[in-house]
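[1] here is a sequence with its predicted model. Questions after.
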Amino acid sequence: MADQLDVDAMIARYRGRAEAVQNRSLPPVAGEERRRFIQQAEEDYMDYSLVGAAKWSVEEGHLVLRIPLGRGG
């Protein structure tokens, strides 16, 4: 599997997903459905953007993603 894994491409896909979520239009929903949709979009954006910002390495046979947290990261 490691021979087939293009980590840079995977991380780029996550960056693209984060951008897509950020630019996603709001469907015609109201009330609680709207709140849930917005909450899910915010969570999706955070997840995708975190992975999209990762630096990676392979250590002892494991893919290691280093994700900067905050300004010092």
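    On my side now, so go ahead. Numbers count the residues shown, from 1 in each chain.
[2] tell me the buried residues in stretch 45-64?
    Across stretch 45-64, burial judged by 16 or more other Cβ atoms under 10 Å covers 45, 48-49, 51-54. Where you see a C-beta, it was placed from the backbone N, CA and C, and this is true even at glycine.
[3] closest one of those residues to Asn23?
    Nearest to Asn23 among the buried residues of stretch 45-64, counting by Cβ to Cβ, is Tyr45 at 10.1 Å.
[4] hang on, the earlier thing: adding distance to Gly16, pLDDT and secondary structure, write the buried residues of stretch 45-64 out as TSV.
    Shown next, in TSV, are the buried residues of stretch 45-64 (distance: Cβ to Cβ, whole Å; pLDDT from 0 to 100; DSSP: H, G, I helix; E, B strand; the rest coil):
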residue	distance to Gly16	pLDDT	secondary structure
Tyr45	12	96	helix
Tyr48	8	96	helix
Ser49	11	95	helix
Val51	11	95	helix
Gly52	8	95	helix
Ala53	13	94	coil
Ala54	14	96	coil
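[5] mind listing the helices for the protein?
    Using DSSP state H, the helices of the chain run over 7-23, 31-52.
[6] dump those helices to JSON lines, plus distance to Pro68.
    Formatted as JSON lines, the helices of the chain follow (distance: least, Cβ to Cβ, whole Å):
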{"stretch": "helix 7-23", "distance to Pro68": "13"}
{"stretch": "helix 31-52", "distance to Pro68": "9"}
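[7] and the gap between the residue nearest the centre of the chain and Ala30?
    The centroid of the chain falls nearest to Tyr48 when counting by Cα atoms, centre = their mean (0.8 Å). According to Cβ to Cβ, to the nearest Å, Tyr48 stands 26 Å off from Ala30.
[8] low pLDDT regions in this structure?
    1-3, 72-73 (pLDDT under 70).
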